[in-house]
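Asker: Structure of the sequence below:
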Amino acid sequence: MNDGDNASMDACHLISGEMPIARSILDALPAHVAVLDSAGIIILVNQHWVQFAVENDPANWDLLREGADYLAACRKAADMGDSLAREALSGIEAVLAGRARSFSQEYPCHSPTTKRWFKMDVNARGVSGGAVVAHLDITHRYQAQQALLLSQANLREAQDIARMGRWEIDLVTDHLEWSDSVFNIFEIEPHSFGGCSRSFLELVHPEDRQWVEDAFRASLDNKGSYKIEHRIVLKGGRVKWVQEIGRNEFSDTGKPVRCVGIVQDITERKLAEQQLRQSRQMLQAVLDTIPVRVFWKDRNSVFLGCNQPFALDAGLSSPEQLIGKDDCQMTWRDQAENYRRDDREVMESGVAKVNYEEPQTTPDGRRIWLRTSKIPLMDTEGRIQGVLGVYEDITEQKRAQDEIKQSEESLRRSNYDLEQFAYIASHDLQEPLRMVIAYMNLLQSRYQGRLDSQADEYIGFAVDGANRMHQLISDLLTYSRATARGMLTERVSVQAVLDTAIANLQVMIVESCAKITHDPLPEVMANKTQITQLLMNLLSNSIKFRGPDPPQIHLSARQEGDKLVFSVRDNGIGMDSSSFEKIFQVFKRLHGHDKYPGSGIGLAICKRIVENHGGSIWLESQRGHGTTFFFTLPAA
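Answerer: Numbering: from 1, shown residues only. Modelled structure (predicted):
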């Protein structure tokens, strides 16, 4: 019996006993109490009733004071459409008419300033007739109940969102209870579930049942908790993954009596893990097939992973064996501090370090060379979590480069020796050759016509041969001097150099009636003497190999990047494309001495001069239609 019941029963006794202190005792009761006669007239109220009526409905106080018709007040409220008032009126009339001993109702009663809830208890007064009406303020209880309901609703909603439900099994009776969320997870109706462990196991994937049973028994044997992930099979054969966590309870004698736990749908997580696992496997497969070595470390330079080639270089059979190790534990421990210093530099600066060379000691003790790049390893929020590195073994490449350097050095020494030999030989041959030429000229001038015609012819051959030998040695000396060693480069005006070359060739130009024109010519970074020799050789070549018409030669230049492309075009005899490479070789001639004199070195000198300046030379020509020589020089 609650406080409202006690208050109304006490009032009945007080009134029936006609005790003088009845009103005082009624005022002490916690409820708002009114005593009705058999007609529903209020014959007595306590002080709480008066306060309640005045505070909540002062306009209708006349309907609630002593002597007023309480039923009239209820009818007024019922006539205004208040369903609770109609229910209350019906209940009070039943008690007053003797059809019921009591009536109870909970209802809200909100004032402008407060919101409260009450419980009304109506009890018959016994033989004297009438009834006692007690209104008890249950606001705190109601609010607590509503908070509990809200909390339970929030819990159910949270469980639904988290796909989680609660279960409980009586280990003595094997009775299993599920929350609504568990039925939602298993996608079955409550009436179709047997409510025991066997019914649950029938829903577990056949391949997981024994494992689930063994795990649960082990938790009982160990008196520990129960946690497991397994699959369940739904209608239609679909499969879900769930996680179960349970807590076992035991009797005082140690006998298991109850297990309470939760189950959560983790299908999406499992699918995500599977996709992640597949992605990692695919990435690992790709990394394992590329020819470079790949590795990644944490902020402490501890290996987190690598590809298969890196693992093999480290003397391991698989990348998994490297995880958790650092460089100090590898065969390259002698280089470990250098590697770790590079790691720190990249992680602290956040800047990649790329394409630098470093040594490494292999498991078999060999020393190899690597070309390495390292970049910061960052998480999704851009925070540096470690370092990612790649390298390639360039040992053979380094060995080849060293061999090339040695070959280049040997070739350089050989070329230098040859140049010295050619210069010395050319210089030393000049003096005896001058003597031969002098005496042959003397012999020709003194005895020509005094001997027979055959002797004159022989003397002529000897003089001509000596002169050609002199020219050949002179050209060879010029070729040996056309070297880049010690060559001084400066800003050179090609226009000024061309003027000098034309002046040097003035006799040849006049004799051949050659016409030389040019576009505006730029400045170059070059050796002035060599460029003068280059233009003289090309101009004299165009004049020498002229056709029936007077030579017409035109020079032009155009810019291409940081280089200038020059062209020397003539209207000479031209040549076939099969001869393009041959004419730049030393002593290679396309015509006999009797028709076109010369040593065959002039264009070879041109090629060497252009290459000394980092350029290239080539030509375009067609027999009978002239030739255009092209060459490149660095712009000033």
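Asker: Strands along the stretch 451-600 of the chain, start to end?
Answerer: Under the criterion DSSP state E, counting those that start in this stretch, the stretch 451-600 of the chain contains strands at 490-493, 515-518, 523-526, 552-560, 563-569.
Asker: who wins for proximity to R299 among the ones you listed?
Answerer: Comparing the strands of the stretch 451-600 of the chain against R299 with Cβ to Cβ, the closest turns out to be strand 563-569 (49.3 Å). Every C-beta, even on glycine, is put in place using the N, C-alpha and C of the backbone.
Asker: L505 contacts L539, correct?
Answerer: Yes - contact status for L505 versus L539: in contact at 5.8 Å, counting by Cβ atoms under 8 Å.
Asker: that older thread, go through the strands of the stretch 451-600 of the chain and name the closest to R198.
Answerer: When the strands of the stretch 451-600 of the chain are compared for distance to R198 using Cβ to Cβ, the nearest one is strand 552-560, at 88.5 Å.
Asker: Just the residues contacting that closest one, thanks.
Answerer: For strand 552-560, contacts defined as Cβ atoms under 8 Å, 6 or more residues apart in numbering pick out 494, 498, 514-522, 539, 542-543, 564-571, 632, 635.
Asker: pLDDT averaged over it, what's the number?
Answerer: Per-residue pLDDT values across strand 552-560 average out to 93.
Asker: what do you get for stretch 114-130?
Answerer: Stretch 114-130 comes out with an average pLDDT of 84.
Asker: Stretch 266-282 too?
Answerer: For stretch 266-282, the mean per-residue pLDDT is 84.
Asker: and what of stretch 189-207?
Answerer: 92.
Asker: Let's see that stretch as CSV, backbone CA atoms only.
Answerer: This file holds the C-alpha atoms of stretch 189-207, laid out as CSV (Å, rounded to 0.1, in the frame of the first residue of the first chain):
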residue,chain,number,x,y,z
GLU,A,189,11.4,-13.5,-35.0
PRO,A,190,11.3,-14.1,-31.2
HIS,A,191,8.6,-16.8,-31.5
SER,A,192,10.8,-18.8,-33.9
PHE,A,193,13.7,-19.0,-31.5
GLY,A,194,14.0,-22.0,-29.1
GLY,A,195,15.6,-20.0,-26.3
CYS,A,196,18.4,-22.4,-25.4
SER,A,197,22.1,-23.0,-26.3
ARG,A,198,21.2,-25.6,-28.9
SER,A,199,19.0,-23.1,-30.7
PHE,A,200,21.8,-20.6,-30.8
LEU,A,201,24.4,-23.1,-32.0
GLU,A,202,22.1,-24.1,-34.9
LEU,A,203,22.5,-20.5,-36.2
VAL,A,204,26.3,-20.6,-35.9
HIS,A,205,28.2,-21.3,-39.1
PRO,A,206,28.9,-25.1,-39.2
GLU,A,207,32.6,-24.5,-39.5
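Asker: how distant is that stretch from the center of its chain?
Answerer: Using Cα atoms, centre = their mean, to the nearest Å, the mean C-alpha position of stretch 189-207 is found 46 Å from that of the whole chain.
Asker: Only the buried residues of it, if you could.
Answerer: Within stretch 189-207, the residues that qualify as buried by neighbour count (16 or more other Cβ atoms under 10 Å) are F193, S197, F200, L203, V204.
Asker: Which residues does it contact?
Answerer: If you take Cβ under 8 Å, 6+ apart as the criterion, stretch 189-207 is touched by 169, 174-178, 180, 183, 186, 188, 209, 212-213, 230-233, 239.
Asker: taking those one by one, which sit in strands?
Answerer: Applying DSSP state E to the contacts of stretch 189-207, the entries found in strands are I169, H175, L176, E177, W178, H230, R231, I232, V233, V239.
Asker: Now tabulate those in JSON lines and tack on pLDDT and neighbour count.
Answerer: Below are the ones in strands among the contacts of stretch 189-207 laid out as JSON lines (pLDDT from 0 to 100; neighbours: other Cβ atoms under 10 Å):
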{"residue": "I169", "pLDDT": "93", "neighbour count": "22"}
{"residue": "H175", "pLDDT": "94", "neighbour count": "12"}
{"residue": "L176", "pLDDT": "93", "neighbour count": "19"}
{"residue": "E177", "pLDDT": "92", "neighbour count": "13"}
{"residue": "W178", "pLDDT": "91", "neighbour count": "21"}
{"residue": "H230", "pLDDT": "94", "neighbour count": "17"}
{"residue": "R231", "pLDDT": "95", "neighbour count": "18"}
{"residue": "I232", "pLDDT": "94", "neighbour count": "22"}
{"residue": "V233", "pLDDT": "95", "neighbour count": "16"}
{"residue": "V239", "pLDDT": "94", "neighbour count": "11"}
